[in-house]
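> take a look and give me a structure for this.
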Amino acid sequence: MTHRIGLCGSHRTGKTTLAEAISRQTGIPLIKTSTSAVFEQHGLHPAQALDFKTRLWIQHCVIEAAVPIWQQAEKGIFITDRTPIDFMAYTLADIQGATEVDSGELETYLARCFEVTNQFFTKLVILQPAIKLVYEPGKAALNKAYMEHLNMLIFGISHDERLKCSTLVIKRHITHLDQRIETVLNGLERYRCSKK
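Residues are numbered from 1 along each chain as shown. Got it, this is the predicted structure:
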């Protein structure tokens, strides 16, 4: 059974730390993506306010930059610290009541994200806002309410019928790294057994 694991969640939830730890412990190759680098390449910053047309454009750039990285191990085993589920949540979080949105363009983007997720991932792991927040340059804003907003969007997206891979949620009280690793590995074992 091959596992292509994507860790989902808002920024500052410990996705990269957990992905690195699981990779070290299991030997599953870690494939890292960098949303910040894509923003920087285009003269933008993840924490800056964007009009929705610009937001949708940069999010297209983000997913298309990630696809070749995930293709490197498409048929093999890997773990990664970002997924199209996250990309969708950040895009949808920018929509307010008065936001002008081209519905067709948005639907095209969402469909692309689901297509890529189903193509590259067998298991998604959702990390909720729970760990202590630490500021790091180049990262999105440390706004707890915004992170909760993203978390709820990720929960909703993970239950969309267009998503074909299974999902594991790490409960909020599980904040210690060793417990998080154990939760993921137990979830993978249950998934493997259910596929026999």
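> thought residue 177 was touching residue 16?
No - using Cβ atoms under 8 Å as the test, residue 177 is too far from residue 16 to be in contact (11.8 Å). In this view, the C-beta of every residue, glycine as well, is placed from N, C-alpha and C.
> render the CA-only coordinates of the lengthiest helix in the chain in PDB, please.
Identified as the longest helix of the chain according to DSSP state H is helix 52-71. Provided in PDB are the C-alpha atoms of helix 52-71 (Å, rounded to 0.1, in the frame of the first residue of the first chain):
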ATOM      1  CA  PHE A  52     -10.000  38.900  -5.100                       C
ATOM      2  CA  LYS A  53      -8.900  38.900  -8.800                       C
ATOM      3  CA  THR A  54      -5.300  39.000  -7.600                       C
ATOM      4  CA  ARG A  55      -6.000  36.400  -4.900                       C
ATOM      5  CA  LEU A  56      -7.400  34.000  -7.400                       C
ATOM      6  CA  TRP A  57      -4.500  34.600  -9.800                       C
ATOM      7  CA  ILE A  58      -1.800  34.000  -7.200                       C
ATOM      8  CA  GLN A  59      -3.600  30.900  -5.900                       C
ATOM      9  CA  HIS A  60      -3.600  29.500  -9.500                       C
ATOM     10  CA  CYS A  61       0.200  30.200  -9.500                       C
ATOM     11  CA  VAL A  62       0.600  28.400  -6.100                       C
ATOM     12  CA  ILE A  63      -1.200  25.200  -7.200                       C
ATOM     13  CA  GLU A  64       0.600  25.100 -10.600                       C
ATOM     14  CA  ALA A  65       3.900  25.500  -8.800                       C
ATOM     15  CA  ALA A  66       3.100  22.600  -6.500                       C
ATOM     16  CA  VAL A  67       2.000  20.100  -9.100                       C
ATOM     17  CA  PRO A  68       5.500  19.400 -10.600                       C
ATOM     18  CA  ILE A  69       6.800  18.900  -7.000                       C
ATOM     19  CA  TRP A  70       4.200  16.300  -6.200                       C
ATOM     20  CA  GLN A  71       4.600  14.700  -9.600                       C
END
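> which positions in that helix come out as buried?
Buried residues in helix 52-71, counted by 16 or more other Cβ atoms under 10 Å: 52, 55-63, 66, 69-70.
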